[in-house]
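J.: Give me a 3D structure for the following:
(chains A, B, C and D)
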There are 2 protein chains.
Amino acid sequence: MTISHKIISNISVDCVIFGFDFEKLNVLLVERELVDEKSGRILIKDFTLTGYHIFEDEDLDKAAYRILKDLTGFENIYLEQFTVFGKTDRVSNEKDQIWLTYLNQGFSERILTVGYFSLIDSTKVTLSHNERKIHWFPIDEAHNLEWAFDHKQIFMKALEVLRNKVRTEPIAFELLPERFTLTQLQKLYEAIYGTPIDKRNFRKKIVQMPFIVALKVKQKGVPHKPAQLFLFSREVFEKTKKERLGFLF
Amino acid sequence: MTISHKIISNISVDCVIFGFDFEKLNVLLVERELVDEKSGRILIKDFTLTGYHIFEDEDLDKAAYRILKDLTGFENIYLEQFTVFGKTDRVSNEKDQIWLTYLNQGFSERILTVGYFSLIDSTKVTLSHNERKIHWFPIDEAHNLEWAFDHKQIFMKALEVLRNKVRTEPIAFELLPERFTLTQLQKLYEAIYGTPIDKRNFRKKIVQMPFIVALKVKQKGVPHKPAQLFLFSREVFEKTKKERLGFLF
DNA sequence: TTGCATAGTATATAAAGTACACTAAGTAAA
DNA sequence: TTTACTTAGTGTACTTTATATACTATGCAA
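T.: Residues are numbered from 1 along each chain as shown, chains lettered A, B, ... in the order given. I've put the predicted structure just below:
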């Protein structure tokens, strides 16, 4: 069943999708290649965030969920709007204009884009490629990429907001499987902040948090001492909200 | 000189303007009255934020600055975009629809609005009324007002963002005159957070902050012991950024 | 049984936050 | 000129939180 939606041409949504591979924090980007049809030569190659216009009858959040579902197949992904980019010269350099011409979108209209960041457990996701090339990039490398439009700016803002938000909200768990080890949690925070954290002090803090609950189960299939598994209990988190001062790390 | 601008009909900007009167934190609202022409009876009376559509050739930030300038006459007001509201049912209740009909804006189109909050030294501002009624409201009372559209939601989000932001960024000073006393600064933080702060502990923290510099001048014209005046030095703030851990209060 | 890899644990010190009450200085009124 | 009033300005003891630091335990594999 396909329903045709009317697109709102001057508003779009772009998603900065973060994933964690137990080592590094990564961002999901789409490779874009403009190939000269005659010579087969690559004219432009760069990377974009995943985004699309919103539909006339569609909430902003819903548009972002739709884009994520199309890309990953999942429905319940953590999503948060973080900023709007609406400068009149957002898409002004030569390269971007060649692209827009190619896509028949013309030059004139200014498109306001709403930035969302999303956190997904990348061990679950198998990317559905279609014809587009989609890759995870470590956030450290992302700075050196050739980006399309103002997407580098959007990405950097997303990273900044993420780094602030994980301090006070328990959103980092969205990047881990439901059951995780404390080492994995520590590596995640190290990856987000980009700095090492002391193991014993980290664990001392953890045991104060009633919402990180130890399971009776241990890791299996690892070639070393298996670690205890934990999970994040949102229920306990909400219950203990008033007692807390609000900070996690 | 008037230049006619082409309006973008589906995008607007709304400003949540905060001011401080040395006692309470206030928000600037516009009173809206729909009067029946025949009977003279007031059909609807409620309050809105100040907002307007953006122009075709205008950056979002610029639109917000324009709205503030029109209202207050000032150009260099602190402004920050904090969120976008783009639900399809933003303006759906009966009252709002009566208004939109009255304004000849019709029912159908969904307007996406970008929320800005702004901080101004309200001792400087004399409101230029025109025909519209504009008032300061203490934020505590604002919850009980009759709000237009989804403006209450926008206001509450702005307040939340402000409360978080003043912890880490030196933006509160925008609400004070250039020269202020420590009691005024303390009262400001108390007004923003809605909780009392211990005077001696507050001042202990202040003296650690090199960017709050004591002037050689004292208050004049007060019927009691005059207080020392201070100012916020952005220069020193920037210089000492690396040494700080990032938190103010 | 030995080596390897990662899990898991405690204590001492420094820094920051909290609770708390009196004296000082200027104005105004008696 | 004395006194009352109002707000400014100050220090210390205690509690809590953050930081720095190194060894033993467990399971698997060779």
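J.: Could you use CA atoms for every contact and neighbour count after this?
T.: Fine.
J.: Can you list the helices and strands that the longest strand along chain A packs against?
T.: Longest among the strand segments of chain A by residue count, using DSSP state E, is strand A:7-20. Judged by 3 or more Cα pairs under 8 Å, 6 or more residues apart in numbering or on different chains; DSSP states H and E, the packing partners of strand A:7-20 are strand A:25-35, strand A:50-55, helix A:60-72, strand A:112-120, helix A:151-168.
J.: buried stuff in the lowest-mean-pLDDT helix or strand in chain A?
T.: The weakest-scoring helix or strand in chain A, judged by mean pLDDT, DSSP states H and E, is helix A:94-102 (a mean of 77). Across helix A:94-102, burial judged by 16 or more other Cα atoms under 10 Å in any protein chain shown covers A:96-99.
J.: sorry, back to before: just the CA coordinates of the longest strand of chain A, formatted as CSV?
T.: Extracted in CSV, the C-alpha atoms of strand A:7-20 (Å, rounded to 0.1, in the frame of the first residue of the first chain):
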residue,chain,number,x,y,z
ILE,A,7,5.7,17.3,0.4
ILE,A,8,6.4,20.7,2.1
SER,A,9,9.2,21.9,-0.1
ASN,A,10,10.8,24.5,2.2
ILE,A,11,11.1,22.3,5.3
SER,A,12,13.2,19.3,5.8
VAL,A,13,14.5,17.1,8.6
ASP,A,14,18.1,15.9,8.9
CYS,A,15,19.1,13.1,11.3
VAL,A,16,22.5,12.7,12.9
ILE,A,17,22.6,9.0,13.8
PHE,A,18,25.0,7.9,16.4
GLY,A,19,26.1,4.3,17.0
PHE,A,20,28.6,2.6,19.3
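J.: Low-confidence ranges, chain A, go.
T.: Within chain A, the segments meeting pLDDT under 70 span A:1-3, A:92, A:104-108, A:128-131, A:245-247.
J.: one step back: would you tell me which of the helices and strands packed on strand A:7-20 gets closest to residue B:167?
T.: Smallest distance to residue B:167 across these (Cα to Cα): 12.1 Å, for helix A:151-168.
J.: now the closest one and strand A:112-120, what's the angle there?
T.: 50 degrees (axes from the mean of the first three to the mean of the last three Cα atoms, to 10 degrees).
J.: what comes into contact with helix A:151-168?
T.: Identification of contacts with helix A:151-168 by Cα atoms under 8 Å, 6 or more residues apart in numbering or on different chains yields A:16, A:48-49, A:82, A:85, A:115-117, A:143, A:171-172, A:192-193, A:246-249.
J.: Among those residues, which ones are in helices?
T.: Among the contacts of helix A:151-168, DSSP state H puts A:192-193 in helices.
J.: And the contacts of helix A:151-168, which of them are buried?
T.: The buried subset of the contacts of helix A:151-168 - by 16+ other Cα under 10 Å - is A:16, A:48-49, A:82, A:85, A:115-117, A:172, A:192-193.
J.: Which one of the residues you listed is nearest to chain B?
T.: residue A:82 (7.0 Å; Cα to the nearest Cα).
J.: which one of the helices and strands packed on strand A:7-20 is the most hemmed in?
T.: Burial of those is given as mean neighbour count (mean count of other Cα atoms under 10 Å in any protein chain shown); strand A:112-120 ranks first at a mean of 23.
J.: Name the residues of the helix or strand following that one that are buried.
T.: Going down the chain from strand A:112-120, the next helix or strand is strand A:133-138, by DSSP states H and E. Across strand A:133-138, burial judged by 16+ other Cα under 10 Å covers A:134, A:136-138.
J.: if we can go back for a sec, if we check DNA strand D, which of the buried ones among the contacts of helix A:151-168 are in contact?
T.: For DNA strand D, no contacts are drawn from the buried ones among the contacts of helix A:151-168 by Cα under 7 Å from any atom of the strand.
J.: For residue A:14, which non-adjacent residue is spatially closest?
T.: residue A:51 (4.0 Å; Cα to Cα, 6 or more residues apart in numbering or on different chains).
J.: sec struct for residue A:206, please.
T.: Using DSSP: H, G, I helix; E, B strand; the rest coil, the three-state assignment for residue A:206 comes out as helix.
J.: now the angle between strand B:112-120 and the longest strand of chain A, please.
T.: Between strand A:7-20 and strand B:112-120, the angle comes out at 70 degrees (the same axes, to 10 degrees).
J.: Next, the residues that contact strand A:7-20 from outside, please.
T.: Residues outside strand A:7-20 that contact it (Cα under 8 Å, 6+ apart): A:25-28, A:49-56, A:60, A:63-64, A:67-68, A:109-122, A:136, A:154-155, A:158, A:175-176, A:188.
J.: hmm, back to that, can you put the buried residues of strand A:133-138 in a markdown table and add distance to residue A:238?
T.: Formatted as a markdown table, the buried residues of strand A:133-138 follow (distance: Cα to Cα, whole Å):
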| residue | distance to residue A:238 |
| --- | --- |
| A:134 | 37 |
| A:136 | 33 |
| A:137 | 34 |
| A:138 | 33 |
